[in-house]
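S.K.: Fold the stuff below for me.
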Amino acid sequence: MARSDLGLESLESMQGLTRLGRADSHDANADEHRTSGDNHAETGETPETAGIPGTGVESSPRTSHFGPAVDEPKLRRGALISDAADQVAALVARAVRARCGVVYFVDGDRLLLYGGSGLPFPRADYADIPIGNTLAGIVVRTGEGLAIDDLTTDDRVPADSPIRAHGLAGSYLGLPIRDEQGTVIGVCCAFDAEPRRWSDDDRAAVAEAAQVGTLLITERRATHEIDRQRRFLDAVLDSLHDGVTACDADGRILLVNARMQQLWEAARMPGDLDGDAVIANLTDGDGEPVLPDDISLYRALRGERLWGHDLIFSGRGRRTRHYVVDAQPIVGPDGRTLGAVQAVRDVTRRKRAERFRTCELSVITALGDAPSVAAAGSRVLEAIVSTLGWTHAELWLVDDAAGVLRSAAHWHVPEWSAEIEVPAELPYGTGLAGRAWQAGKPLWIRDVALPQSLISPETAAGSQLHAALALPVRNGLETLGVLTVFSDSAEEADDELVALLSGIAAHIGQFVERRMVEDLQRQLTRTKNEYLALVGHELRTPLTSIAAYTELLRDADSEMLVLQGPRMLEVIDRNTNRLRHIIDELLELSALDTGHARVQFAPVDLAEVVRESIIRTRKAVEGEPLTVEESLPDRLVLPGDRRRLGQVVDNLLGNAVRFSPDGGRVTVRLRAAGRAAELAVTDTGVDVPTDEREKMFTGLYRTSRTRDQAIPGSGLGLTLSRAVVGRHHGSIQLTEAEGSGITVLVRLPLDAR
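M.R.: Numbering: from 1, shown residues only. The predicted model follows:
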């Protein structure tokens, strides 16, 4: 029998059972229906539906050998239970005028209650029972109908059956329910409270009910199988690492697996492909915006098959994500497009790994080509920001003497319109970079706009930056600087990014250290050459004068000795002192460089040391057209060697006096700046070219202005001063003064190191 025929016959059988049930119920229970008519009118129910589960009113209880009818509790039903089966069981009972109708479903060696009406015991007692030693089991085993007129006397009732156990009396009629292949899949049966002979009409009625049961059970089994397969499919789809979306032919989204929902994140889940959430902030692999017609599913609906299609999701306040999409149409057996499906794979980690490698290579290339940190800084930061997709980066270098970080470079994306203020310096422990220097470890700030973010609210609001990461730039255990990067969105800590930038910071640290070593090597080379020049010039000149005037004295007669002798001796004495001074400075410098010179630290009032040196300088230039101005605090105490610091101040003032022209001015300024003392000595002489300033500290170097003006000196003063300042953990440098001249700036730590 074909399914369509079975469905038609089953429907006709159901209609026949309904008609039969109505007639029999009316004839057999006319008095009962008449007495309960008021109740039916109140509930809106007809007598034909009374007693059928699912209609709202159960049959009236009555006493029999089965015992009183029991109200059935609402229990959890299995996947195959339906109200329709209860209605079939009720119609079976009415069709044969029986007390109870039951429909069982065969599940292996057990019988599952599929539908029941007028059950004498709670449904749980029938819900799941062994198939053996039951009348329904006999029907299943034989595949034939079973009619028992008297349950108490018929030998076919198993001795250990539930009927015998409960002492039930009455009669039984059961017929098998078969599937389309003829396999017994259930039993449709009727119980009556009294012994009776089952007629052919009774058998036909139950047989028709069995056909309806076939349709119902087959449909429920199919539904259950579809549901099972759907659950399997859902489980498989939800376990995929790819996000899967499917739509129908009209573009309505029908399927979205769990991974796809995660990929959509907080975005509104679109109901169709016209939703803005589908294309908002989406670009293709070339960075072009995705238009509605370019959506992968739309293209698949038009018949395209996409493999490896790149998409990028970005936007301010959200982390950029990279996806690869495969999409294809769903074609029916008739060749028509039923819909489309796409699989979206998140390749952000892979893209990030590629960008990380590119970033590291770009940084190494920038460092390899740069002659100095200043020249490499901007290129390094540009490489970091551009390849990582962040917004702004800064490089700070430690000025240990001053206790501050000095800005070496900063860079942000060209299209960034917000104002990003980068101070020239940050004190130790201040700001994000200063705190990273203090902590000696990476610091991640999820959002600098939040309180306690180490960034001032004004700076955070003005820059419109959010996530920030600061990493110490080290060489070994020594912190040389700090690298900070900022994003335009709030982001949680990313260990991979921290590891990458820590490696980049290490490259920068090695570069800084390498440049320092190279500078030292160049200085050593220059020093060697300058020592040779010293022997050839600075030492030979006074020795030549001494030898010449000694020879003149030896050859002079008494008259010449009286007239020229004192002047010759003065020249010899002056050149001798000059020679002794050069030798003393060389010995002092060598001792400081090798660490043999002792520096005795004690609390020193630097203001007093500077003041005493100014007094000596003013006495030395008394009567000269030169003024010495000062700006000193009353007291500024720091740890140091008083004698050697005084020597530094004397050298600086002496140089300023020598290089200042007539009518010039020497300015001395001393102040506390953060954790350091700053001493600035400025002259009004000719400026020193930038490329010569650092060379002045290398020893014996004579600048162009010294040579042009024929200013005497060995060139060791600044070299010796740097050595002394270095032993005090300070720094010394030459900077431009306002107008003409040069400023020598000394920074000394106020705290003991």
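S.K.: quick one: secondary structure of Glu415?
M.R.: coil (DSSP: H, G, I helix; E, B strand; the rest coil).
S.K.: the strands in the stretch 51-200 of the chain, which residues?
M.R.: Using DSSP state E, counting those that start in this stretch, the strands assigned to the stretch 51-200 of the chain run over residues 100-107, 110-117, 128-130, 146-148, 171-178, 184-192.
S.K.: So what touches the first one?
M.R.: What it means is strand 100-107. 66, 80, 85, 88-94, 111-120, 126, 131, 136, 140, 177, 184-192, 209, 213, 217 (C-beta atoms under 8 Å, 6 or more residues apart in numbering). Quick note: C-beta positions are derived from backbone N, CA and C, even for glycine.
S.K.: Average pLDDT for the one helix or strand Arg259 maps to, rounded please.
M.R.: Assigned by DSSP states H and E, Arg259 belongs to helix 258-264. Mean per-residue pLDDT for helix 258-264: 80.
S.K.: The nearest residue to Ala147 once chain neighbours are set aside: what's it in contact with?
M.R.: For Ala147, ignoring the flanking residues on the chain, the nearest one in space by C-beta to C-beta, 6 or more residues apart in numbering is Trp198 at 4.5 Å. By C-beta under 8 Å, 6+ apart, the residues touching Trp198 are Val96, Ala147, Asp149, Ser171, Leu173.
S.K.: Between all of these, which two are separated the most?
M.R.: For the contacts of Trp198, the farthest-apart pair by C-beta to C-beta is Val96 and Asp149; their separation is 12.9 Å.
S.K.: quick one: which of these two has more around it?
M.R.: Here Val96 and Asp149 are compared on neighbour count by other C-beta atoms under 10 Å; more neighbours surround Val96, at 27 against 15.
S.K.: Report the separation between that one and Glu394.
M.R.: 92 Å (C-beta to C-beta, to the nearest Å).
S.K.: ok, back up a step: distance of the residue nearest to Ala147 from Gln211?
M.R.: 18 Å.
S.K.: And for Thr365?
M.R.: 83 Å.
S.K.: more crowded one of these two?
M.R.: Between Thr365 and Gln211, counted using other C-beta under 10 Å, Gln211 has the larger neighbour count: 22 against 13.
S.K.: Quick one: residues contacting Val331.
M.R.: Counted by C-beta under 8 Å, 6+ apart, Val331 has contacts Thr337, Leu338.
S.K.: What are the phi and psi values at it?
M.R.: phi -110, psi 130 (degrees, to the nearest 10).
S.K.: for Arg336, same thing?
M.R.: phi -80, psi 150.
S.K.: Setting the sequence-adjacent residues aside, check what's closest to it.
M.R.: Ala249 (7.8 Å).
S.K.: And for Leu405?
M.R.: Per C-beta to C-beta, 6+ apart, closest to Leu405 is Trp396, 3.9 Å.
S.K.: just the strands in the stretch 401-550 of the chain please.
M.R.: Under DSSP E, counting those that start in this stretch, the stretch 401-550 of the chain gives strands at 404-412, 425-427, 443-445, 468-475, 478-486.
S.K.: on that earlier part again, relative to strand 468-475, how tilted is the helix or strand hosting the residue nearest to Leu405?
M.R.: Using DSSP H and E, Trp396 falls within strand 392-399. Interaxial angle, strand 392-399 versus strand 468-475 (axes from the mean of the first three to the mean of the last three C-alpha atoms, to 10 degrees): 40 degrees.
S.K.: could you point out where the stretch 101-250 of the chain is predicted with low confidence?
M.R.: For the stretch 101-250 of the chain, no stretch is flagged by pLDDT under 70.
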